[in-house]
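Novice: Take a look and give me a structure for this.
(2 chains)
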Amino acid sequence: MNSGSENERPLSNEWDAWLSRHSPGMLLFARQQARCEADAQDLVQDSVIESWQRDGGDGPPALGLVYATIRRRAVDLARSHDRRVAREHKTSSEIPACWFDTSVEDRERTLLIEYAMRTLPPNYREVLTLKIWGGLTFAEIAEALQVPANTAASRYRYGLAELRKLTKEVLA
Amino acid sequence: MNDHDLDLFEKELQALKPSRPPEEFAGRLSKAIAEFPAPDPNPVLNHPPTPRFAFQSILAHLQFHLRWLAPATVVVLASIVVLRSDLLGLRHAPPGAAAVPSPAMKADDVKIDSTLVSSYDAVANLPDGEPVRFRCEEWVDEVRLKDSSRGLVYSQKVPRVTVVPVRFETY
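Specialist: As a prediction, the model looks like this:
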């Protein structure tokens, strides 16, 4: 990453609004893919920059491209992390940050859903996250995850049902 | 659990908000974007130079629909060679020599395998300025013929490139 450059310029309103609207969802997705908070933040930052450069436009990049880049970088990061851990003979004990805003009134329910999300199979979890909190269409999810759109849609329904089942006893 | 129940649950999930990024991170991200040079609107691709769009589109279309052609051609040619060798062997064989094994390979196991070697995206701009993304994939198609009776294996690898224009569509 660059740091402290005289080329720094003010961000446009479009960028500000885009970051404000989408960075929570992107960070949520990155937290699910990464093993620690610092990695998740780096994933988002690097993926936004890379997608922007690849998109070649003045404004923010396509959202689907950013999520696809986060996922690809997370896989690469996990591989290098595994090699590093194997070398150093130590296990990761990072405590991940809260996924959802727990300042809302029903904090217990939020934490319960977060716990259920963490136990959900990853292929369900990522589709749910991209659809509900990332705001992607199934076509964009299919693009980001490299699966057919029908698969993305069915994973979404199965994931929703599974999550509902996990939380039903307490939320009912 | 019915659809209505799931719909309600879906709405409940939509009401949840992802936690806000830490202030320090939000600032760092904005700073990184502000510091980074804006991308060239007419980027020079790092990937191999691509032909003009119309030609590229036709090429991509053909490549997609004829991707089976290379391995199929190899199989057909191999079959012709095997059959022709058999026929020639029988035609020129002296009387009583039919029991002598033909020198031609008799494939009893044919495998066609495709391996993805690399995959990358390239971005180009249409004449009207609309960006188009291309999914480029480099494949290696391998045809393997096996003659178990004589322990012969014939293998041929053929490289193949697919270029598919990708757009984000609404579902």
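Novice: CA atoms for contacts and neighbours, from now on please.
Specialist: Noted.
Novice: biggest helix in chain A, by residue count?
Specialist: Using DSSP state H to assign secondary structure, the helix with the most residues in chain A is helix A:63-88.
Novice: and that one, how far from the chain's centre?
Specialist: Centroid separation between helix A:63-88 and its chain, computed with CA atoms, centre = their mean, to the nearest Å, is 12 Å.
Novice: same for the next helix-or-strand element following that helix, what does it pack against?
Specialist: Scanning forward in sequence from helix A:63-88 by DSSP states H and E, the next helix or strand is helix A:107-119. Applying 3 or more CA pairs under 8 Å, 6 or more residues apart in numbering or on different chains; DSSP states H and E, one finds that helix A:107-119 contacts helix A:149-171.
Novice: Look at residue 76 and report its pLDDT.
Specialist: Since you didn't name a chain, this refers to chain A. On pLDDT, A:Asp76 comes in at 85.
Novice: Sorry, I should have been clearer: chain B.
Specialist: 86.
Novice: is it true that B:Ser119 touches B:Glu138?
Specialist: Yes. In this structure B:Ser119 lies within contact range of B:Glu138 using CA atoms under 8 Å: 6.3 Å.
Novice: Compare those two and say which one has the larger neighbour count.
Specialist: For B:Ser119 versus B:Glu138, the count of surrounding residues by other CA atoms under 10 Å in any protein chain shown is larger for B:Glu138: 16 against 13.
Novice: host element of the most centrally placed residue in chain A?
Specialist: Note on chain A: the residue nearest the mean C-alpha position is A:Phe29, at 1.1 Å, using CA atoms, centre = their mean. Assessed by DSSP H and E, A:Phe29 sits inside helix A:13-33.
Novice: circling back to that earlier point, now the residue nearest to the centre of chain A: closest residue in space that isn't a chain neighbour?
Specialist: Excluding the flanking residues, the one nearest A:Phe29 by CA to CA, 6 or more residues apart in numbering or on different chains is A:Thr129, at 6.5 Å.
Novice: Where does pLDDT dip in the chain?
Specialist: Answering for chain A, as no chain was given. A:1-11, A:82-97, A:103-105, A:169-172 (pLDDT under 70).
Novice: Not quite, go with chain B.
Specialist: B:1, B:39-67, B:87-103, B:167-171.
Novice: mind listing the strands for it?
Specialist: Remark: strands assigned in chain B by DSSP state E are B:109-125, B:131-147, B:152-166.
Novice: Out of these, indicate the one that is most buried.
Specialist: For those, the largest average neighbour count (mean count of other CA atoms under 10 Å in any protein chain shown) is found in strand B:131-147, namely a mean of 18.
Novice: ok so, going back, moving along the chain from the helix holding A:Phe29, name the first helix or strand you hit.
Specialist: Toward the C-terminus from helix A:13-33 - assigned by DSSP H and E - lies helix A:37-55.
Novice: Contact partners for B:Arg146?
Specialist: Actually, residue B:146 is Lys. It isn't Arg. B:106-110, B:152-154 (CA atoms under 8 Å, 6 or more residues apart in numbering or on different chains).
Novice: same deal with A:Leu145?
Specialist: If you count contacts by CA under 8 Å, 6+ apart, then A:Leu145 has A:68, A:71 around it.
Novice: change it to 10 Å
Specialist: By CA atoms under 10 Å, 6 or more residues apart in numbering or on different chains, the residues touching A:Leu145 are A:64, A:67-69, A:71-72, A:123, A:126-127, A:130, A:152.
Novice: One more: A:Ala152?
Specialist: Contact analysis of A:Ala152 by CA under 10 Å, 6+ apart lists A:123-124, A:126-128, A:131, A:137-143, A:145-146, A:158.
Novice: thinking again about what came up before, between the longest helix of chain A and helix A:13-33, what angle do the directions make?
Specialist: Angle, helix A:63-88 to helix A:13-33, by axes from the mean of the first three to the mean of the last three CA atoms, to 10 degrees: 40 degrees.
Novice: buried residues in helix A:63-88?
Specialist: Using 16 or more other CA atoms under 10 Å in any protein chain shown as the test for burial, helix A:63-88 gives A:63-74, A:77-78.
Novice: now swap in stretch B:75-87 and tell me
Specialist: For stretch B:75-87, burial by neighbour count (16+ other CA under 10 Å) applies to B:75, B:78-79, B:82, B:85-86.
Novice: thinking again about what came up before, can you list the strands of chain B in a markdown table and add distance to B:Lys31?
Specialist: Shown next, in a markdown table, are the strands of chain B (distance: least, CA to CA, whole Å):
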| stretch | distance to B:Lys31 |
| --- | --- |
| strand B:109-125 | 25 |
| strand B:131-147 | 26 |
| strand B:152-166 | 31 |
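Novice: before we move on, the earlier item: by neighbour count, which of the contacts of A:Ala152 wins?
Specialist: Counting neighbours by other CA under 10 Å, the top entry in the contacts of A:Ala152 is A:Ile141, with 31 neighbours.
Novice: Now name the helix or strand holding it.
Specialist: Going by DSSP H and E, A:Ile141 is in helix A:138-145.
Novice: how about the strands of chain B, which one is nearest A:Ser12?
Specialist: strand B:131-147 (20.6 Å; CA to CA).
Novice: Format the CA atom coordinates belonging to the closest one as PDB.
Specialist: Extracted in PDB, the C-alpha atoms of strand B:131-147 (Å, rounded to 0.1, in the frame of the first residue of the first chain):
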ATOM      1  CA  PRO B 131     -16.100  -1.100 -20.200                       C
ATOM      2  CA  VAL B 132     -16.200  -4.800 -21.000                       C
ATOM      3  CA  ARG B 133     -14.600  -7.500 -19.000                       C
ATOM      4  CA  PHE B 134     -13.200 -10.700 -20.600                       C
ATOM      5  CA  ARG B 135     -12.700 -13.900 -18.800                       C
ATOM      6  CA  CYS B 136      -9.600 -15.500 -20.400                       C
ATOM      7  CA  GLU B 137      -8.800 -19.100 -19.600                       C
ATOM      8  CA  GLU B 138      -5.900 -21.200 -20.800                       C
ATOM      9  CA  TRP B 139      -6.600 -24.900 -21.100                       C
ATOM     10  CA  VAL B 140      -4.600 -28.000 -22.000                       C
ATOM     11  CA  ASP B 141      -6.600 -30.700 -23.600                       C
ATOM     12  CA  GLU B 142      -5.000 -34.100 -23.300                       C
ATOM     13  CA  VAL B 143      -6.000 -37.200 -25.300                       C
ATOM     14  CA  ARG B 144      -4.700 -40.500 -24.000                       C
ATOM     15  CA  LEU B 145      -5.000 -43.800 -26.000                       C
ATOM     16  CA  LYS B 146      -4.200 -47.000 -24.300                       C
ATOM     17  CA  ASP B 147      -3.500 -50.400 -25.800                       C
END
